[in-house]
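> only geometry, no sequence info:
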């Protein structure tokens with residue numbers, strides 16, 4: 001029997017619900033215009049040939065993978081997705097989907113970036129980068145079908161640590177199912193319905209990042225205006241505050257680990 005996920009109390013606010021409902025209607029209206037303004041195909045998955053900057057990731061994926069492994073040493077301090085973005089409580093439960101954010105809303109999270117500096121430098125080369133994170137999916141977890149907010153942003157996935165039985169660790173975007181593979185990258189439009197399965201007993205780690213869809217002038221103008229409006233709402237402000245808290249928690253965990261190492265290295269009296 002399906003489990004009912006209860007909405008957190010602070011998300012039951014009527015004004016917040018009104019903003020969300022109105023925002024969805026607005027998004028639907030502008031999506032068709034954004035599609036017409038797009039300079040890349042309006043398809044669920046989009047060929048890598050349209051994005052020359054992807055090669056930087058596939059050329060250096062092992063470096064990125066090594067930095068992801070360093071991040072995983074502090075796994076317990078990495079927040080669940082719903083802790084960062086409370087509005088996504090239906091997608092993530094407990095600590096089944098963790099996210100280590102490097103860029104949030106176009107800004108580098110400098111404390112987090114210290115653990116993955118080379119990855120951040122490569123991400124800096126992505127035109128109009130919005131968000132970037134190491135996405136860590138627990139064994140056996142399923143992210144239910146959902147859609148993204150705006151067609152003005154595209155999403156890329158780079159496989160880093162993938163279960164051996166990779167065919168059972170996959171993403172569906174509309175009718176296309178793609179298993180991740182270490183070192184492989186792809187781009188998709190997350191406004192198309194998509195869902196994820198990790199039907200293995202191993203953890204899955206990818207680099208996930210969002211960037212502005214290449215569009216003509218009026219498409220870019222509308223997208224910029226839309227994102228600016230979003231930044232005035234709780235849907236931006238809440239994650240922004242939560243990201244700061246998560247950074248501080250991780251920094252404290254690193255300090256404690258360093259102190260433990262120092263104590264272990266001290267000679268016994």
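Thanks, I have it. Predicted model only: the values in this text are computed from it and were never measured.

> For the helix or strand containing residue 102, give me every contacting residue.
Residue 102 is located in strand 97-104, with elements delineated by DSSP states H and E. Contacts of strand 97-104 from elsewhere in the structure, counted by C-beta atoms under 8 Å, 6 or more residues apart in numbering, are 71, 75, 78-82, 84, 91, 108-109, 112-113, 115-116, 119-120, 123, 129-138, 141, 143, 209, 239-240, 243, 246. The way it works is simple: take the backbone N, C-alpha and C, and place the C-beta from them, glycine included.

> could you redo the last one with a cut-off of 7 Å?
Contact with strand 97-104 is made by 71, 78-81, 84, 109, 112-113, 116, 119-120, 123, 129, 131-138, 141, 143, 239-240, 243, as judged by C-beta atoms under 7 Å, 6 or more residues apart in numbering.

> Narrow those residues to those that are buried.
Neighbour-count burial within those applies to 71, 78-81, 84, 109, 112-113, 116, 119-120, 123, 129, 131-138, 141, 143, 239, 243; the criterion is 16 or more other C-beta atoms under 10 Å.

> Span of stretch 102-110 from start to end?
Its first and final residues considered, stretch 102-110 spans 8 Å by C-alpha to C-alpha, to the nearest Å.

> Could I get the buried residue list for that stretch?
Using 16+ other C-beta under 10 Å as the test for burial, stretch 102-110 gives 102-104, 109.

> Okay, strands next: where are they in this structure?
Along the chain, the stretches classed as strands by DSSP state E are 45-46, 97-104, 107-108, 129-137, 142-146, 153-161, 169-173, 176-179, 185-188, 194-198, 204-212.

> how far is the last one from where the chain is centred?
Its chain's C-alpha centre lies 5 Å from the corresponding centre of strand 204-212 when counted by C-alpha atoms, centre = their mean, to the nearest Å.

> Tell me what angle that strand forms with strand 97-104.
Between the axes of strand 204-212 and strand 97-104, defined by axes from the mean of the first three to the mean of the last three C-alpha atoms, to 10 degrees, the angle is 40 degrees.

> Right, I'll call it a day here.
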